[in-house]
Each structure stands twice: as C-alpha cells, then as structure tokens.
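J.: Any chance you can model this:
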Amino acid sequence: MTLKETLENDQKAALRSGDQLRLSVTRLLRSAIHYVEVDRGGSLDDEGVLGVIAKQAKQRRESIEEFRKGRRPDLVEKEEAELAVLLGYLPAQASREEVEAVARQVISEVGARGKQDMGKVMPQVISRLRGKADGRLVSQVVQELLSPT
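T.: Numbers count the residues shown, from 1 in each chain. Model prediction:
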C-alpha cells in the first residue's frame, strides 16, 4: 500500500470515528500532495509524498516556535497536536550520531576540506537523510564537521 493510499484510508477512518484532528491533518496533507502533483504535472511516489509531509512538519515546527515567542499557548498546543500526527507518517528521525556518520561518509567521498565545500556536501547528505532528519540539524552537523578544529 502506498503512502497516498494510507493517507486516504486514514482520512476515511478519521471521518468515521469523528477524530477531527486526524481528519483535518489528512485532508491538509492530501491537498498539499495534490497541489504538488498538479504543479509538477505528474503523480508523486512515496518519496515525493514523504517530502511533502516533511515540509508540512517543518512548517509546524516553525509555527510552534513563533507562537511561543508570541505567547500563544493555545496555538502552540494545536500545532503540536498536528505535528504529532504528521510525524506518525514520517520514518523514525535519525539521531545526531546517525546524521554525523552520514555526513562524515559524504565528506570523505567528496573530499571536502572546509566550509567552502559545504555546497558539495549538503545536497548529498540531505538526499540520503530525506524525511529522516531536520535540515537545520543536518546543516549544523555539517558546519561543525567542516570547521577547522
């Protein structure tokens, strides 16, 4: 079963059970996926769907951060609940150690020597960890590894 089929089934189940949160999130996801498919002119595979879900999760994290700054605990709570549903569709997140291991491997493969080589390293690390690690964490780890000690 594809991820899109899983989302459709989960949406139907949420509708039947009255789970408004899951229903709202699955509708939003299916809409975002449809928008990307129309934009690209073709159907998304599971990896493309994971990219859309990861983007939605990133938006929730950013919203949570901003709502905390704005002292809006009601909106923080709503966004955190939606984020929890989104994370249920993503693969388990890589630990910092796993991100470091992948980054070290890519750095050695491309022969990166310093921060000026970050442009060579980042795309490969991100593609290997797509949906499994936050981009900020990846960037932070790569910067630390490429910095002179």
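
J.: could you give the mean pLDDT of the helix ranked longest in the chain?
T.: Identified as the longest helix of the chain according to DSSP state H is helix 46-69. The predicted model assigns helix 46-69 a mean pLDDT of 91.

J.: Over to stretch 97-111?
T.: 87.

J.: Just the buried positions in that stretch, please.
T.: For stretch 97-111, a neighbour-count test (16 or more other Cβ atoms under 10 Å) marks 99, 100, 102, 103, 106, 107 as buried. Quick note: C-beta positions are derived from backbone N, CA and C, even for glycine.

J.: check which helix or strand covers the fourth one.
T.: Counting by DSSP states H and E, the element that carries residue 103 is helix 96-110.

J.: Which is the succeeding secondary structure element to that helix?
T.: Next element after helix 96-110 (DSSP H and E): helix 118-128.

J.: Identify all contacting residues around the helix or strand containing residue 34.
T.: Element membership for residue 34 (DSSP H and E) is helix 20-40. Contact with helix 20-40 is made by 4, 7-8, 10-11, 13-15, 43-44, 48-49, 52-53, 55-56, 81-82, 85-86, 89, as judged by Cβ atoms under 8 Å, 6 or more residues apart in numbering.

J.: Show me which of those are buried.
T.: 4, 7, 10-11, 14, 44, 48-49, 52-53, 56, 82, 85-86, 89.

J.: Centroid-nearest residue for this structure?
T.: Taking Cα atoms, centre = their mean, the centroid of the chain lies closest to residue 54, which sits 2.3 Å from it.

J.: any chance of the buried residues of stretch 97-111 in JSON lines, with distance to residue 36 too?
T.: JSON lines is the format used below for the buried residues of stretch 97-111 (distance: Cβ to Cβ, whole Å):
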{"residue": "99", "distance to residue 36": "26"}
{"residue": "100", "distance to residue 36": "31"}
{"residue": "102", "distance to residue 36": "26"}
{"residue": "103", "distance to residue 36": "28"}
{"residue": "106", "distance to residue 36": "27"}
{"residue": "107", "distance to residue 36": "31"}
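
J.: And what about residue 92, helix, strand or coil?
T.: coil (DSSP: H, G, I helix; E, B strand; the rest coil).

J.: ok, back up a step: mind listing what's buried along the longest helix of the chain?
T.: 48-54, 56-57, 60, 63-64, 67.
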